[in-house]
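Colleague: need a 3D model of the following:
(one chain, ligands or ions: 2)
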Amino acid sequence: MKEVHVAVGVILRGNQVYVCLRPEDKHQGGKWEFPGGKVDSGETVQQALSRELSEETGIRVNTSSPLTEVVHDYGDKRVRLDVHLVTGFDGEPYGAEGQQGQWWSVDSLDPTVFPQANKEIINALHATL
Ligand SMILES: Nc1nc2c([nH]c(=O)n2[C@@H]2O[C@H](COP(=O)(O)OP(=O)(O)OP(=O)(O)O)[C@@H](O)[C@H]2O)c(=O)[nH]1
Ligand SMILES: [Mg+2]
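Modeller: Ligands and ions are numbered 1, 2, ... in the order given. Okay, the predicted model is just below:
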């Protein structure tokens, strides 16, 4: 199965991260996610991260660093999540595509409300902070 390369941004401010609700009609719909999306051909991960976070949350990414990379096979889809910690940005994130968005404290993140691959992201986040 083809692997889909995805740029994911964990937007961190203080001890909180910004999460969005995936629309019902999308893959893993109804789950909470860190904003991001597919890396287009000819695009670097950095460019994809900036573009997706601008499109989905309206922010401009200024400072980011690699957090972890997670490969996960959902059966219907195989993804490679290139996850970056976003610590510097302009603007206030909001659900720019009409989706719900919320700030959640890092300590209270419940992996069961995210897609399965995100368990590793949450673990990496706890190990890093
Ligand atoms: N953005 C994002 N995608 C995730 C996360 N965890 C996870 O398994 N994924 C998976 O990564 C894949 C690609 O993400 P996406 O659907 O946001 O891609 P996109 O913004 O380009 O959307 P599109 O479907 O409109 O082209 C999806 O299959 C999604 O289920 C996460 O935390 N954030
Ligand atoms: Mg997306």
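Colleague: now whichever residue of the chain sits closest to ligand 1. Its backbone dihedrals?
Modeller: Residue of the chain nearest ligand 1, by Cβ to the nearest ligand atom: Gly37 (2.4 Å). Every residue, glycine included, has its C-beta placed from N, CA and C. Dihedral angles of Gly37 (phi, psi; degrees, to the nearest 10) stand at phi -180, psi -180.
Colleague: burial of the closest residue in space to it that isn't next to it in sequence, as a residue count?
Modeller: Nearest non-adjacent residue to Gly37, counting by Cβ to Cβ, 6 or more residues apart in numbering: Glu52, 4.1 Å away. The tally of other residues near Glu52 (other Cβ atoms under 10 Å) stands at 21.
Colleague: over to the one 10 residues further on?
Modeller: The burial count assigned to Asn62 is 11, neighbours taken as other Cβ under 10 Å.
Colleague: now swap in Thr44 and tell me
Modeller: Going by other Cβ under 10 Å, the residues that sit close to Thr44 add up to 10.
Colleague: what sits against it?
Modeller: By Cβ atoms under 8 Å, 6 or more residues apart in numbering, the contact list for Thr44 is empty.
Colleague: what's the separation between it and Lys31?
Modeller: 27 Å (Cβ to Cβ, to the nearest Å).
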